[in-house]
Each structure stands twice: as structure tokens, then as C-alpha cells.
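Colleague: my questions concern the predicted model and sequence given below.
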Amino acid sequence: MIAHADTIPPARHPLIAWILRWILTTNHKEIGTLYLCLSFAMFIVGGAMAMVFRLELAQPGLQYVGADFYNQMVTLHGLVMVFGAVMPAFVGLANWMVPLMIGAPDMALPRLNNFSFWILPFAFFMLLSSLFMQGGAPNFGWTLYAPLSTTYGPPSTDYLIFGVHLMGISSILGAINIIVTIFNLRAPGMTLMKMPLFVWTWLITAFLLIMVMPVLAGAVTMMLTDRHFGTSFFSAAGGGDPVMFQHVFWFFGHPEVYIMILPGFGVASQIIPTFARKKLFGYHSMVYATASIAILSFVVWGHHMFTTGMPLVAELFFMYMTMLIAVPTGVKVFNWVATMWRGSMTYETPMLFALGFVVMFTIGGFSGLMLAIAPADFQYHDTFFVVAHLHYVLYPGAIFAMMAAVYYWLPKWTGNMYNERLGKIHFWSAVFGLNLTFFPMHFTGLGGMPRRIVDYALPYADLNMVSSVGAGILGLTQFLFLYIVVDAIRGGTGKATGQVWDGAEGLEWTLPSPAPLHSFHKPPQVD
Amino acid sequence: MSDSHDTNGTPRYYVPHSSIWPIVGSIALFITAFGAATFIQQSTDKVLTATGTSGEIIFYVGLAAIAFMMIGWFGAVIKESLQGLVSGLMDQSYRQAMMWFIVSEVMFFAAFFGALFYARLISVPWLAGAGDKLETHLFLWPDFAETWPLFMTPGGTATEAMAAWGLPFINTVILVTSSVTVTFAHWALKKNQRGALQAWLGLTVALGIIFLILQGVEYVHAYSDLGLNLSAGIYGSTFFMLTGFHGAHVTLGATMLAVMLIRIFRGHFTPENHFAFEAASWYWHFVDVVWLFLFTFVYWF
Amino acid sequence: MMPFRAFACIPAGIGALTRLPVFLSRSLSVGLLLVLPQSILAQGWDMREGVTDISQRIQTLHHISLFICLAVGIVVFGAMFYTIIAHRRSVHPEPANFHESTKVEVIWTLIPTLILIGMAVPATITLRDIEDNSDADVTVLITGSQWKWHYQYVDAGIGFYSNMSTPTEQINNEQEKGEHYLLEVDNPLVIPSGLKVRFLTSSDDVIHSWWVPDFAVKQDAIPGFINEAWTLVDVPGIYRGQCTELCGMNHAYMPVVVEVVPAEEFNTWIEDQRVAMELAGEAAVAARSRDWSMEELMPIGEAVYLQHCATCHQPDGSGQGITYPAQAGSLIATGPVDVHIDRVLNGVVDTEMQAWAPQLSDLDIAAVITYERNAFGNDMGDLVQPLTIYNSR
Ligand code: HEA
Ligand code: HEA
Ligand code: CUA
Ligand SMILES: [Cu+2]
């Protein structure tokens, strides 16, 4: 090997060598693992915050935390879950799987890959350090609405702003890397229309990231200058408008929610055919549907703002466009069902999670569609009905898809089978816990309970207690999941074969389990 | 191993075993961001509890660390390139990556253009009672009249507008010319005319620097003669944010081109193989196009 | 029960399903039996019907979309659970291998599109009517501020503030919570029944949102802008809602209470308010024309402080962190008295410390300043007279 300016000589001490290996690595599998670990840690942190406010919400009245701290918890919960748990989880998955699925030796830009990852721990350190700052952590919701976040935000807001900048840089660089890998490093014979669907969904997701993360950066930059440099983007006295912030934010924010779900669609589209032992139904229309969702996602942002006093035409436009998204999403759901139709199905844990994903994501989609009806949204908006919607699409949506993916590929990653029985217990207890947590929220919302309140009127007490109990159960299932994964890494229930699942197709299964650190140095031929 | 190598024997794909620079870069970015936040708090009156100069120092340390990282990282890549490790495939990857990076930059500007158009087409007319916002005008801002540029904000801050056909126009000519000269430089490079290449590229960098100087002169004029500053309402806000971020990008682009010039003096690049040069010139064209939009919508109309 | 008209269609839907295998419809109806009655019977679990034409139409829209979603759900999940059970490997070992059909793709693109168009039509009509703010009989300007509502009757020229009246003891679980816990105020908004009332919403600081579920009016109150909404209520009564946009610490404590009274009663109420305003004016003149003693001012000041200031500065004047400065030992409360008066009268721009001049009388402000300067161990010993406040306004 040729010596390079940027590789440093191996350290002597094994512990230091081990640490350095993870810090300096350019290997897509190792970086993927790093992403997954970070994401799970953030999931626990964000979940612990949810435990704090679920505890407070269990009964009316103030019990454990003050109103301001409650708002800080809600804000950080939203930010940590969105930017810390879901996004890095899917990027980690892309890192592991995209090169394996397209027969590439690694990501196209390995050093950049390491850079994208290592920015993140610092960004979250910065975000979370705000909890210990004078004046407390940001307390204006993950949507950062001005002027609560500008004129009235606590000092730590500035650290949030720069933290978001760091996350943005990381996401953009990561997305560039994934796009370039997909366009450039496919094995000979793998045309775009032969790519596994997971790769397709990530290609489109990466495109969305590149389009909207800079806009978020712009939005928080305007926040910063409004806070400190006298600009008046979000102040009427200077000719700006607080609602302008919402437009810019949601121009980012709505595509962002599809960034969090499209890779999940991809995962389901890999797993369902495997366990149905039947090819994915309607591959082409799946690709087109994903692309349509992505394109439509740029023109629906106003559905978060129906009550801000937009003109009627704008409200109608956003309502129609939002409703339209149900069509391509429906196509995906129908195609999954058609894939299963007359297959020969078995229900190992990945399949269970994938099916749970399809069912409960669809429920979340239904409530989304209801929210899209602008007149009705006047009643739903900013109530717990929205909270129910967003958790149905995000927890049994994004998180379930992620867990399905982990169970599905864990044998490939570790070389060992996880404990199937515990996996099933995990699935059913999670289904039970999450429905107990989030289903009642539909009713508290319809009954009129606003979101982001520390204390509520008496009629909502019972349902909130149910939600809080559910949240506790759901919280416990995370430790079961952790145990199963650690157990699998340490041997699990035995060695996995290269093929792992008898119905699985794709290049990743042609490799031995565990997948060697370096794979496909000689690109496979795809026919 | 024929599949994994280009015909000329370059490995088809080269993965650096490990690299120190990304982690250096992450730490540098973190120091810079942390320093910037602290610096801003300490130097503006918004946060009364934050005093001192530690933020400023941390910020500059961070910037220096970023510069260190860039020199090291790009140095490593250049070395690989000179050792012939960069295959055609990787060259492709670099090109696409640069292209997508520019797309993301375009979207960053789009956010501020969005703010500009929102102000011009929506918020300012609304404050003056357009559409269904008549009551806004009558109750809250009865004295406010819609103009663009916004000479008098609803809150009563006055400013004058920056004229389009003075310095800004000259700057437009300069920047468009520089886009042409960088193209000439590229042609010269492809024909291996090193002398012409150096001349054209040198001229481009010089034009970039002149642009920045004129921009500085314009800012001084705006602040001292026109009362046009960041606090002069949404006109001033969009004006300075757009031209300011553009200026920052010109600075970056000119620096990139200057580095290319130095490398050319050192004999780097061949007529076939000069991705870094091309990337820098793409970036320069992008900066130029953004300016054309700026000139049209910020200064002219 | 009226609100559940839409569910009447469900038996028909179930009937249609009998063409599917028997066990399927049976399991579905068991599911429905478990879930639906629960939500139907439990009071307040559905979107409210409300008391206006618009709120009822919105509820109908809600039921339509809910029902469509249920129906689509039954079909999709029905098919899915059928295949899950019928095509498991143990009973269906040989998978089929079809995997493409443009025809079905087109069908399941078109059908949802048609359903959506069907949903969009009534939604559009309702939305158009919601946004029709013309021809109102009464106009109320509603201004939110942290954390209270300011109601101004534009034509009658009267106005007042509306604060939550739930005692802190109830919030802190030291007292039994009342029936309208958190949904009660000192001065409710009063509007006439049978007349179209237009609400103009705005804000003095951050974005709030004024919501009365029974009217289906939810309109953001945005600083520097005015949004419009309207309602027409036929049934007199008391209707309760809340601020629904996160507006800082006490967002949960910013209720909306509206009292709808018959038109004649409304007119006399307006007259009463006018008279009360005049009386208050006279009382203010009387108050500033004499000197008040410490013994008189302190209890008034304490009451004002507890009602208006304590949420931020805390009952014992200890403040909260750096955001809400302590009054005990505060440089302002123990410094020159005119600075103190200025802070309280005019507030501090761009902070939660609002201008109290428009909200409180001379006497109240004089009393609260006196209180702040002598309570919490500040012991300044000085007195502030209403006349001083009057002159500093
Ligand atoms: C993964 C994330 C995700 C996803 C995928 C979605 C998907 C959708 N969302 Fe959701 N949404 C959020 C995350 C997400 N959302 C979040 C986080 C918020 C809150 C933000 C905040 O304020 O904090 C939010 C808020 C939100 C609002 C604003 C509510 C408010 O604040 O008042 C609206 C309004 O229109 C909306 C609509 C939709 C719609 C129409 C879809 C559609 O894409 C759903 C489409 C899917 C289906 C419809 C189901 C399957 C389809 C069929 C089976 C076909 C046939 C069906 C029919 C014809 C009925 N969402
Ligand atoms: C992917 C995103 C995601 C995920 C997975 C979750 C997961 C959960 N969320 Fe959250 N949520 C959001 C995204 C998400 N949320 C967003 C975007 C908002 C809006 C924020 C805003 O309004 O600004 C929100 C808001 C939100 C609210 C509304 C708050 C309010 O408006 O007042 C509630 C209320 O119950 C809630 C609850 C929960 C619960 C109980 C979970 C559970 O699933 C969590 C499961 C639990 C764990 C994963 C933790 C396990 C840990 C422990 C048991 C403790 C261990 C302790 C230590 C180690 C110290 N979330
Ligand atoms: Cu006011 Cu929330
Ligand atoms: Cu959305």
C-alpha cells in the first residue's frame, strides 16, 4: 500500500487503537454502525424526555416539572427525535446497505462520509448542552416559530441555531455522498430500473435533503440576524412577517417528514417480498409513486398554516395538493398488499414489523388526510389530534420501519441470528404500548386539548393517564430491543448463513454473513 | 483483476484506509460554531449576562482549525491525484459531488430570495392593506404606504435605496467578464497553453478582488450616506443578507481560484485531468449567476 | 345521538363485506363492536358538534372523512388480513408469481382520486363560507399578549382584559380542582346571539391563537397583523376554549371564555360597560386627588401583584432564572422610583415585561409599585401616589 498524507500510523495500545479505528474509519460499514449507535442513543435521550412530560401529563395540575421546563422538554424531544433519532438511523442504514445492494466497494466519498458522521455528535452535544445554560434550553417547540424564538427566545437559542447548521452540513454532505454512490458506483448491469427499491427511495430522499436542508439553514440564519443584528424578516414593524418564518420553515419541514418516511417505504418494499416469497408487485409504479410523493411534497407546506390567515386561494391550493399525496401513497400501500397476495408467507420478526408498519402508517396517513381538509383542520390544528397523527406516521412508521430493517439485516451485519422469540415479544409489546400511548390522543385532541400544554382541563384526565401508562410500556420495550441486538452481536441463537432468509433476493445476500469489512472490490455482474 | 482497474492500471476505486482530516474538520466546525454563538452573544446587547471576549477567540481558533483542515485534506487529495490514484470513476464522483453541492448552495440562496419575494409581494402590501388585510392597515399601521424599495418601514425607520446603475452595474460587468475570463482560462488549459492559462486565471482572480472592493465601497456608501443598514427594515435586511452572503461566496470562489492559480504555477493539472480547476470555475459561474438574479431583483426592479 | 349520523352507513358497509369469506366479516364486526361503541358512547370523544352552522358543517366534514378512511381501511386491512391468514406458508406453500399489472395500477390510482375529489367539494364550499367575513353586525378586536386576552368592541369603544381566574392552589394540587379548571376567566367576552360577530385577531408580543371549539373559530393572533374570523351563534350560553399556539411559559393558562347573550341583553351590557368606564374614570379622579397611606396601598398592591405579576416574578418576588428577574432586592425596585414607575408603566420592549399603563388603573399601579418597594425585604419605605402615576403616563 502506498503511504498517504492522511493516514496516521497505527497506535500501540489496543484501546487507543480501537478508539482511533472508529474515529478515523472511512469504511461504510463501520460508519453505518456509528450512525446506528448514535441514533439509538438519541432515541433513548429523546424518549427519556418524552417520559418526563408524559409523567407530568399523567394527571392534571403541576406535579413534577414547571411550565417552562415542560416546553424545553417538548422542544428538545421533537428536535432530538427528528434530527437525532430518525434521520441518522436511516443514513446509517443507507451507509450499510446501499453499497451492498448496488455492488459497490464502499461509498463514493469515504472521507466525506466520516466527516458527515462525526459532525453529528458535536452538533447534538451543542444542542443538549443548552439544557445547562442560563435561561434554560430552547422552549418554543421544534418548529422554532418566530417571534417566540427570536425576540423572546432564551440565550441558548443561538447554540441551537448553530447546532442546526452543523446538522444541516452533515445531512447535505451525507446526501451528496449517497446520491453520488448510487449514480456512480452501481455494479455493471444494474440499471436504475433494476435497483432495489430501498436504493431508489434513498436516492429520492437524498435529493429532498439537498433541496431542503439549505432552506432550513437559511431560516435559522434569519432567526439569528433577527435576534442580534436588527434585521426585520419576522417583524411587521420593519415590513417583515412572523408568518414568513413559518413559510420558510415548512418549505423545509414538509419534505422533511417524507425524508423521514421514504426510506421506511424502501425497507418495507425489501422485506415484504422476501417473506411473501414473491416479487414486489408493481416495481415501476412504486418508483413513480415515490417520485410523485417527493415532488408533491414541495407544494403542500401551507397545510401546517391553515389558521395563520392565508388567503382563501392559498388555503385551497394547499388543501388540494395535500390531499393528492394520498394517491401515490395509496399506490404504495396497495402494491404491498398485492405483493403479499397469494404469496407464501411466514412471519418472522422483520416481517411483523414491516406489516405493523404498513397498517399503522396507513392509520397515520388517514389522520393526515383528515388534517388536510382545511375547514376541519381549523378544529384539529394544534391539538393532540395532530400529535396522534405525527406519532402514528413517525413511530409505527419511521421507527418500526427502522426496527424491521435492523431485524432483517442484523444477521448479515453480525453473522448471528437474533432471538426470534424475544423479537416477537418485542413486536407485540411495542404494538400494544404504542397504540395505548397514541391512539387515545386522537380523542383528547378531538375533545379539544391543545398540544404543548403542561396542564389541562379535567375532561382529558383519563385518556392522558392511559397515554402515560402506554408510554411507560413503550419505553420499557426499548430495553428489550437493546438486549436483543446486543445478544445477537454476542452470538445470538447461532450462526447465520449468507442467504439468511430463504426468500431474500439481492446482492447483499450473495455475501457471507457477517459481511466482510471490504466487499465487492470486484464489482459483481448483474443481469 | 481487470474489472477493478482502469485500462491504464489505476485502481478503479480507491478507498483511503483511514483519515485524520474529517475528525479534525468536525472538531474545527464545532469550535467555530460554538465560538460563533458565544461571540455573538457577547458582542450584542441581546444577552445581558454574556460578557467577555472568549467567544471571539474561540471563533477565530475554529476558523484557523478549519483552514488547517482544508489545507491538510485537500493536500492529501492533491497528493493522491498526483500519484495517479484518482481513477476516471472517482473523477466522476468528485464532479457529481461538486454539482450537488452547488445545488445545495442554490437552495440556500433560494431561502433568502424567498424572503425577498415574500416581503415584496406579500408582507409589505398586506401591511398597507392589500387583499383581505385592510384592517391590519387601518388599525395597526394607518400611516404606512407600500413602496419598494421600502423607504419608510411601518415602524417609521427611513432609508434610501441603492441605485442600480452605479457601482452595482459596474460590478455586474466585472463579474460577467470574470466568468468569461475563467472560461478562456479553461480553454487555454485544455490546449495546454500554460502562459495564457496563468494570465486569464490571474485576471479572473483580480476581477473577483476588485468586485469585493467595490462591494465594500458600496456598503460604506449605504451605511454612511443612505441610512441603509441591517436595521433599516426588510429592504435593508434582504439587501444585506443577499449581497452579503453573495459576497462571502465570491470570497470563497476567489480563494478557490487563487489556490488553483498557485497550483498552476507549481505545474499541476494536465489538459485531460484538472477536475479541481473545473470545480472552482463551476463555482465561479454559480456565483456569477446568483449575482445576475441579485442585480435584477435586489437593485434593478 | 345526532353527531353520529355518519356511522349509520356502517351496517351497509358491513353488509357489502359478506361477499368476503365469512370469518373475515365476523372478525371485522367483532373489531367494530369493540372499538366503535366505545368512541360513540363516551362523551366528548368525538369532534364537537358545536353551536354554529359552520361548526356543524365542519363536524360533518370530519365525519365524512373519518368514514371514508374507515371504509378504505376496512377494505385495505381486510384484504391484508385475509391474505395474511389465507396465504401463510403452512396453507399456501407455493407462491404465485405475478408481479405487474398496469390495469390495477390505474384502477387504484383513479379510485382514490375520485374519492378525494368527492371529499374536496364540500370542503371547498365550507372553506369559502368560513372565509366570508363580510356584513358583520358587531366587531371585536382580540389582542393576545402573554398570557391574557384584550377584547375591544370597535364600534362601542369599550374594552377590557381577560385573565385566567383559576387559583394557583388548584394548579399546584393544594386545593380541589373546580369544574372549569383552567377554562375560567375574570372577564369573559360577551357577544350577542343571532348576530354575525366578526373577530379581528392580533397580538402584542408573540403568536397566539384564539380558539372556541364550539364556534369552530380558530384564528392565529399575529403581532403586527390582523386576521379575521366570524361567528353567528343562536344559542345563548357560555363557551370555553384556549389559546392554541405555543406562546411561552403560560401557554396552558390562557383560556378563552365567551358568553353569548340575547341581543337586547347585549346592548344593556354594553351600556353597563360604558357606565362602568365612566365610573372608573371618576374613581380615578377621586383616587388621584388625595394622598394614600402605606396601610391603604399595601393590601391593594399585594392583590394586584398576586393577580398580575406573580406568574412571572413569583408570589415571593424571587423571579425565575435570568428570564424573569427577581423583585426581591431588584436594582429597579430598590433604585430611583421614576425608573421603577417607567418599567411598570411602559414595560421593557421586546421582553415579556409588558406595558401595564393600558391595563391597570393609576391606583393599582401606584399600589403595586409601593408594594414591590416595601415587600420581599425591599423595605424602601417610600410611597407612590396615584397622582404621580397619572402624571407619568
Ligand atoms: C413521517 C412523517 C409524516 C408523514 C409521512 C406524514 C404524512 C401526511 N401528513 Fe403529516 N405531519 C407530520 C409527519 C408526517 N406526516 C408531522 C411531524 C406533523 C406535525 C408537525 C408539527 O406541527 O409539529 C404533521 C402534520 C400534518 C398536518 C398539519 C396539521 C396541523 O398542524 O394542523 C397535516 C395537514 O394537512 C398533515 C397531513 C399529512 C398528509 C395528508 C400526509 C400523507 O402523506 C398521508 C398519505 C397516506 C395515506 C392517506 C394512507 C394510505 C393511503 C391509502 C390507503 C389510499 C387511499 C386513501 C384514501 C383515498 C382515503 N400532517
Ligand atoms: C420520530 C419522532 C418521534 C418519536 C419516536 C416520538 C416518540 C414519543 N413521543 Fe413524541 N414528538 C415528536 C416526535 C417523536 N416522538 C415530535 C416531532 C413532537 C412535536 C414537538 C413539538 O411540539 O415541538 C412530539 C411531541 C410529543 C408529545 C406532545 C407534547 C405536547 O405537545 O405537549 C407527546 C405527548 O405525549 C409525545 C410523546 C412521545 C412518546 C411517549 C414517545 C415514545 O415513543 C417514546 C418511547 C420511549 C423511549 C424511546 C425512551 C426509553 C427510555 C426510558 C424508559 C427512560 C430511560 C431513562 C434514562 C436512560 C435516563 N411526543
Ligand atoms: Cu397564548 Cu398560547
Ligand atoms: Cu406537512
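Modeller: Yes, it's here. Ligands and ions are numbered 1, 2, ... in the order given.
Colleague: what residue is smack in the middle of chain B?
Modeller: The centroid of chain B falls nearest to B:H249 when counting by CA atoms, centre = their mean (1.6 Å).
Colleague: surely that residue meets B:F108?
Modeller: No: using CB atoms under 8 Å, B:H249 is not in contact with B:F108, being 9.3 Å away. The C-beta positions use only the backbone N, C-alpha and C, and glycine is treated the same way.
Colleague: skipping adjacent residues, who's closest to the residue nearest to the centre of chain B in space?
Modeller: Spatial nearest neighbour of B:H249, chain neighbours left out: B:V287 (5.0 Å); criterion: CB to CB, 6 or more residues apart in numbering or on different chains.
Colleague: residue contacts, the residue in the stretch 101-250 of chain A that ligand 3 sits nearest to?
Modeller: Here the residue of the stretch 101-250 of chain A nearest ligand 3 is A:L148; by CB to the nearest ligand atom that distance is 9.4 Å. Going by CB atoms under 8 Å, 6 or more residues apart in numbering or on different chains, A:L148 touches A:140-141, C:206-207, C:246-248.
Colleague: let me know the closest of those residues to ligand 1.
Modeller: Distances from ligand 1 to the contacts of A:L148, taken as CB to the nearest ligand atom, are shortest for A:G141 (7.0 Å).
Colleague: which secondary structure element contains the closest one?
Modeller: For A:G141, there is no helix or strand it lies in under DSSP states H and E.
Colleague: wait, does the helix ranked longest in chain A make contact with ligand 1?
Modeller: If you go by DSSP state H, chain A has its longest helix at helix A:197-228. No: judged by CB under 6 Å from any ligand atom, helix A:197-228 makes no contact with ligand 1; its nearest approach is 11.5 Å.
Colleague: please tell me how far that helix is from the chain's geometric centre.
Modeller: Mean C-alpha position of helix A:197-228 versus that of the full chain (CA atoms, centre = their mean, to the nearest Å) differs by 14 Å.
Colleague: near chain C at all, that helix?
Modeller: No: on the criterion CB under 8 Å from any CB of the partner chain, helix A:197-228 is out of touch with chain C, staying 10.1 Å away.
Colleague: tell me what the helix or strand just after that helix is packed against?
Modeller: As assigned by DSSP H and E, the chain's next helix or strand after helix A:197-228 is helix A:242-259. Judged by 3 or more CB pairs under 8 Å, 6 or more residues apart in numbering or on different chains; DSSP states H and E, helix A:242-259 is in contact with helix A:197-228, helix A:283-296, helix B:88-118.
Colleague: not counting its neighbours along the chain, what's nearest A:P375?
Modeller: Once flanking residues are discounted, A:P375 sits nearest to C:T126: 4.3 Å by CB to CB, 6+ apart.
Colleague: residues contacting C:N227?
Modeller: C:N227 is in contact with A:308-309, C:200-202, C:219-221, counting by CB under 8 Å, 6+ apart.
Colleague: what does chain A put close to ligand 1?
Modeller: Residues of chain A lying near ligand 1 (CB under 6 Å from any ligand atom): A:143, A:257-258, A:260-261, A:303-304, A:322, A:325-326, A:329-330, A:333, A:362, A:365-366, A:368-369, A:371-372, A:377, A:380-381, A:386, A:389-390, A:393-394, A:397-398.
Colleague: nearest to ligand 3: which residue in chain A?
Modeller: When scored by CB to the nearest ligand atom, chain A has A:P450 as its residue closest to ligand 3, at 7.7 Å.
Colleague: separation between the residue nearest to that residue when sequence neighbours are not counted and C:V106?
Modeller: Of all residues not flanking A:P450 in the chain, C:T244 sits nearest, at 4.5 Å (CB to CB, 6+ apart). From C:T244 across to C:V106, the span is 42 Å (CB to CB, to the nearest Å).
Colleague: likewise A:A50?
Modeller: When A:A50 is compared with C:V106 (using CB to CB), they lie 43 Å apart.
Colleague: who has more neighbours, these two?
Modeller: Taking other CB atoms under 10 Å in any protein chain shown, A:A50 and C:V106 do not tie; A:A50 has more neighbours (20 against 11).
Colleague: and the lowest-mean-pLDDT helix or strand in chain A, how far out from the chain's middle?
Modeller: Ranked by mean pLDDT, DSSP states H and E, the weakest helix or strand in chain A is helix A:14-24, scoring a mean of 89. Distance of helix A:14-24 from the chain centroid (CA atoms, centre = their mean) equals 29 Å.
Colleague: give me the residue from chain A nearest ligand 2.
Modeller: Residue nearest to ligand 2 within chain A: A:G47 (2.1 Å; CB to the nearest ligand atom).
Colleague: any idea how many residues pack against the closest residue to ligand 2 within the stretch 251-393 of chain C?
Modeller: Nearest to ligand 2, among the residues of the stretch 251-393 of chain C, is C:A252, at 9.1 Å (CB to the nearest ligand atom). The number of residues packed near C:A252 is 25, by other CB under 10 Å.
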